[in-house]
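S.K.: I need the structure of the sequence given here:
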Amino acid sequence: MLDQDVSNGPVANRNAAQALVDQLAANGVEHVFTVPGESFLPVLDALYESSIQVTVCRQEGGVAMMAEAYGKATGRPGICFVTRGPGATNASAGIHIAQQDSTPLIMFVGQIERHLRDREAWQEMDYRAAFGPIAKWATEIDDASRVPEYVSRAFHAATGGRPGPVVIALPKDMLKDACPGPLAAPWRPVEAAPGHEEIEQLAALLAEAERPFLLLGGSRWSEAAYRDIHAFADRFDLPVATSYRRLPLFDPLHPAYAGDLGLAANPRLVARAKAADLLIVLGGRLGEVPSQGYELLDIPNPRTRLVHIHPGAEELGRVYVPHLAINAAPNRMAAALARLDAPASVPWAKETRAAHADYLAWSEAATPQPGDVNLGDVMIHLRETLPADAILCNGAGNYAAWIHRYYRFRRLATHLAPTSGSMGYGVPAAVGIKRLYPDRTVISLAGDGDFLMNGQEFATAVQYDLPIVCIVCDNASYGTIRMHQERDFPGRVSATDLRNPDFAAYARAFGGFGITVERTADFPAALEAALASGQPAIIHLKMSTDAISPGLSLTAIREKALASR
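M.R.: Predicted coordinates for the structure are as follows:
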């Protein structure tokens with residue numbers, strides 16, 4: 001796709017909008033997501049005869065999240081178009097997700113005419129100022145002849161080093177100007193590779209270690225890197241953990257897998273990571289969640305030997321001063337690790353087996369829960385029933401703790417969820433990814449408050465005949481906030497109760513399939529019916545408000561808080 005030929009000859013009668021669409025096609029773009037706006041009508045017209053598929057959404061937040069999910073799943077920039085002012089600000093949540101999740105994304109924003117600038121014209125905004133802090137690059141194209149140059153730079157910026165979002169404003173009048181010049185050559189990803197000296201230093205550190213620990217995270221992972229890192233773990237018998245919402249980076253049934261170092265992590269896993277004498281962080285930033293609130297290592301100088309490997313040089317030494325910093329993308333680094341000579345035996349093999357045993361014990365069986373629906377049993381049924389290539393999408397909320405603990409992702413890029421903790425992500429992500437992979441099973445999981453933030457995108461699934469299954473975990477509460485509320489202000493419930501609609505009826509109103517589940521035992525039949533319907537579906541799980549996490553109830557949290565006063 002990226003080897004597509006580009007004509008260097010001029011094209012008479014081509015305007016900037018057509019050049020933009022042609023440049024996207026030259027870079028292998030097959031899907032774009034949008035809510036249409038009159039500020040970029042020439043682009044919509046250019047897309048009319050293009051091979052690029054257009055997905056029309058219901059709100060710009062959903063637009064950006066669909067594009068972000070596409071970028072997260074493929075490693076290629078997700079592309080979206082939104083209109084000026086409120087359209088762009090609606091989309092900002094998706095831009096923030098892409099920034100914190102290191103996801104390549106390019107968002108084009110319609111803009112006012114150039115001659116109206118600085119008068120606070122209708123829906124006028126300075127997009128460089130608005131999006132500069134949460135984008136890798138935010139700019140505006142004033143000269144139509146530079147459209148190919150700007151789009152080419154956007155692809156390189158979005159994917160290079162640490163990936164992230166790019167925002168490009170398109171003045172309405174500029175899009176009609178002539179752009180007859182040649183297109184830019186297609187973008188090609190640039191992969192930083194480790195040096196021989198760095199690999200030798202890492203090998204020496206491993207030779208001296210007694211309790212090494214490997215933590216995988218970040219983006220830019222390929223199938224080849226996935227295989228290579230498993231080969232490395234096999235040969236060195238290293239305990240391996242995955243960072244927050246990066247569970248698909250390592251097979252959970254591999255004998256070296258130690259678990260998910262995220263929110264509500266297994267205490268045994270956290271203790272093991274803290275006790276390591278060599279911590280190798282590959283791909284991730286070691287941000288607030290995987291570092292357990294920045295308590296895993298001392299800042300700025302960790303006492304534990306830290307090897308930090310990251311594709312963005314600016315991330316190395318940003319928080320922690322590593323013992324060894326390696327500027328390398330996961331693909332190149334994993335390949336180098338797979339070739340590293342392993343010792344005949346290692347002193348930590350018994351510890352690796354214990355780490356995997358702890359993970360299995362932590363995740364094998366559901367904990368008892370208040371109420372008639374046990375979300376742990378629901379997740380275990382999903383892991384035992386869904387095909388290995390099924391994709392799960394979710395937003396934010398305490399319900400996600402059951403996903404992280406009990407579901408087992410056996411393939412790369414089968415979990416799409418925001419490490420930024422943004423709500424409203426699951427439904428648009430599922431819609432966007434089902435457009436990309438129509439033959440794969442796609443499940444959206446959401447809390448009740450989470451679902452209704454972008455639940456209108458269920459209409460998009462119906463419009464395009466995308467049979468996703470949305471599981472709505474309804475506990476009639478903003479549960480995560482209620483949990484913190486009970487810890488800090490026990491018994492004083494304020495602004496966290498919700499009165500919800502009949503979500504199964506909601507699905508039917510849009511033209512989809514809806515079913516309600518009030519007992520765990522009824523979930524398997526409901527899932528089977530939803531999948532068999534061939535329609536976009538909602539399974540409405542009615543849960544007890546008290547069932548707030550796999551390990552604790554709200555009642556227990558409240559009683560503990562009151563007892564400590």
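S.K.: contacting residues for Val427?
M.R.: 62, 393, 444, 446, 451, 454-455, 457-458, 461, 468, 470 (Cβ atoms under 8 Å, 6 or more residues apart in numbering). Every residue, glycine included, has its C-beta placed from N, CA and C.
S.K.: do the same with Glu315
M.R.: By Cβ under 8 Å, 6+ apart, the contact set of Glu315 is 162, 285, 308.
S.K.: do that again at 6 Å, thanks
M.R.: Glu315 sits next to 162, 285 when contact means Cβ atoms under 6 Å, 6 or more residues apart in numbering.
S.K.: kindly report the same for Ala46.
M.R.: By Cβ under 6 Å, 6+ apart, the neighbours of Ala46 are 17-18, 21.
S.K.: please check the contacts of Val427 and keep the buried ones.
M.R.: Neighbour counting by 16 or more other Cβ atoms under 10 Å classes 62, 393, 444, 446, 451, 454-455, 457-458, 461, 468, 470 among the contacts of Val427 as buried.
S.K.: where helices are concerned, which of those residues count?
M.R.: 62, 451, 454, 458, 461 (DSSP state H).
S.K.: show me the strands in the stretch 151-300 of the chain, by range?
M.R.: Applying DSSP state E, counting those that start in this stretch to the stretch 151-300 of the chain gives strands spanning 165-171, 212-216, 240-243, 257-261, 278-282.
S.K.: output the below-cut-off pLDDT ranges for this protein.
M.R.: Within the chain, the stretches with pLDDT under 70 are 1-10.
S.K.: quickly note the distance from the closest residue to Cys473 other than its chain neighbours to Gly293.
M.R.: Excluding the flanking residues, the one nearest Cys473 by Cβ to Cβ, 6 or more residues apart in numbering is Tyr399, at 4.1 Å. Using Cβ to Cβ, to the nearest Å, Tyr399 is found at 22 Å from Gly293.
S.K.: who has more neighbours out of the two?
M.R.: Remark: of Tyr399 and Gly293, Tyr399 carries more neighbours, 30 against 7, as counted by other Cβ atoms under 10 Å.
S.K.: number of nearby residues for the nearest residue to Gly62 once chain neighbours are set aside?
M.R.: Excluding its sequence neighbours, the residue lying closest to Gly62 (Cβ to Cβ, 6+ apart) is Pro428, at 3.8 Å. Using other Cβ under 10 Å, Pro428 has 35 neighbouring residues.
S.K.: quickly find the element holding Pro428.
M.R.: helix 426-436 (DSSP states H and E).
S.K.: restrict that helix to CA atoms and write it as CSV.
M.R.: Taking Å, rounded to 0.1, in the frame of the first residue of the first chain, the C-alpha atoms of helix 426-436 are listed here in CSV:
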residue,chain,number,x,y,z
GLY,A,426,-16.0,2.0,23.5
VAL,A,427,-19.0,2.5,21.1
PRO,A,428,-17.2,4.7,18.5
ALA,A,429,-14.1,2.6,18.7
ALA,A,430,-16.1,-0.5,18.0
VAL,A,431,-17.9,1.1,15.0
GLY,A,432,-14.7,2.3,13.5
ILE,A,433,-12.9,-1.0,13.9
LYS,A,434,-15.8,-3.0,12.6
ARG,A,435,-15.6,-0.8,9.4
LEU,A,436,-12.0,-1.9,9.2
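S.K.: and that helix, how far from the chain's centre?
M.R.: Taking Cα atoms, centre = their mean, to the nearest Å, one finds helix 426-436 lying 12 Å from the centre of the chain it belongs to.
S.K.: what do you get for stretch 176-193?
M.R.: 26 Å.
S.K.: name whatever forms a beta bridge with Leu306.
M.R.: Beta-bridge pairing for Leu306 (DSSP bridges): Leu279.
S.K.: distance of it from Phe33?
M.R.: Counting by Cβ to Cβ, the gap from Leu306 to Phe33 is 39 Å.
S.K.: what do you get for Asp448?
M.R.: 25 Å.
S.K.: out of those two, which sits in the more crowded spot?
M.R.: Each of Asp448 and Phe33 has its neighbours counted (other Cβ under 10 Å); Phe33 has more, 32 against 26.
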